[in-house]
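K.L.:
Got a predicted structure plus its sequence, pasted below:
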Amino acid sequence: MEHELHPDLEPLKFLLGDWEGAGVGGYPTIESFRFGQEISFSHIGKPYLIYTSRTWRLDDEGNLGAPLARESGYWRAQPGGRVELIIAHPTGIAEIYIGEATGTRVDLRSDVVARTETAKEYTAGHRLYGLIGEDLGYAYDMAAEGQGLQSHLSAQLKRVS
Ligand code: HEM
């Protein structure tokens with residue numbers, strides 16, 4: 001069923017759809033890596049986007065390998081372009097971000113991070129999403145394992161629907 005877009009979602013409309021692409025990751029404490037990614041943003045007429053992301057290791061020939069990180073959550077649009085983002089990770093981490101959509105960019109900083117007893121020591125995230133031409137690009141910085149906020153990932157994806 002097609003739902004009419006909630007007016008508060010207008011600033012996040014550019015995210016809607018299914019996206020596929022590739023990115024690179026790294027951190028001072030790990031080896032750098034390449035990954036393939038599928039992201040989906042959908043809505044049901046309420047003032048939030050339904051979000052899922054799946055990733056796989058990408059080898060030098062461009063073949064997808066073992067599954068890497070997944071995450072899912074809700075992008076809650078507030079009047080005036082404010083955004084509240086709630087994300088759950090299978091690694092025992094839950095995050096709440098607060099940010100702003102301006103034009104075709106969304107800039108989000110973690111407000112609250114909760115971790116299970118066995119989760120890695122992760123304390124903060126910063127996410128910047130935006131259109132690069134027709135592609136969706138994002139950069140993700142994190143503070144984890146005693147390191148300050150710095151790059152963990154960046155990727156560029158094409159719209160597939
Ligand atoms: C596209 C999504 C992501 C991919 C492909 C990815 C991939 C990786 C890989 C391959 C590693 C190194 C091996 C490992 O420890 O598993 C890693 C480490 C890590 N990632 Fe990610 N990651 C992603 C998103 C995230 C997010 C959203 C967070 C935080 C909520 C996060 C937090 C960490 C932490 C804390 C480590 C451990 C660093 C260490 O052990 O020193 N990652 N990630």
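P.N.:
Arrived safely. No experiment lies behind these values; they were computed from the predicted model shown.
K.L.:
Show me the strands in the chain, by range?
P.N.:
Taking DSSP state E as the test, the strands found in the chain are 17-27, 30-42, 48-58, 64-77, 82-88, 93-102, 105-115, 122-132, 135-144, 150-159.
K.L.:
List the beta-bridge partners for Ile30.
P.N.:
For Ile30, the beta-bridge assignment (DSSP bridges) gives partners Tyr27.
K.L.:
The ligand contacts on this protein?
P.N.:
Proximity of the chain to the ligand (Cβ under 6 Å from any ligand atom) is limited to residues 25, 27, 29-30, 33, 35, 37, 55, 68-69, 71, 89, 93, 120, 122, 125, 142, 144-145, 152-153. Where C-beta positions appear, they are placed from N, C-alpha and C, glycine not excepted.
K.L.:
now with 5 Å?
P.N.:
25, 29-30, 33, 35, 55, 68-69, 93, 120, 122, 144-145 (Cβ under 5 Å from any ligand atom).
K.L.:
ok so, going back, now the strands of the chain in CSV, with mean pLDDT?
P.N.:
Putting those into CSV (pLDDT from 0 to 100) gives the following:
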stretch, mean pLDDT
strand 17-27, 98
strand 30-42, 98
strand 48-58, 98
strand 64-77, 98
strand 82-88, 98
strand 93-102, 98
strand 105-115, 98
strand 122-132, 98
strand 135-144, 98
strand 150-159, 98
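K.L.:
Switch those over to TSV; also include distance to Asp8 and mean neighbour count.
P.N.:
Rendered in TSV, the data for the strands of the chain read as follows (distance: least, Cβ to Cβ, whole Å; neighbours: other Cβ atoms under 10 Å):
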stretch	distance to Asp8	mean neighbour count
strand 17-27	19	17
strand 30-42	15	16
strand 48-58	9	18
strand 64-77	4	16
strand 82-88	9	18
strand 93-102	10	18
strand 105-115	14	17
strand 122-132	18	17
strand 135-144	21	19
strand 150-159	22	17
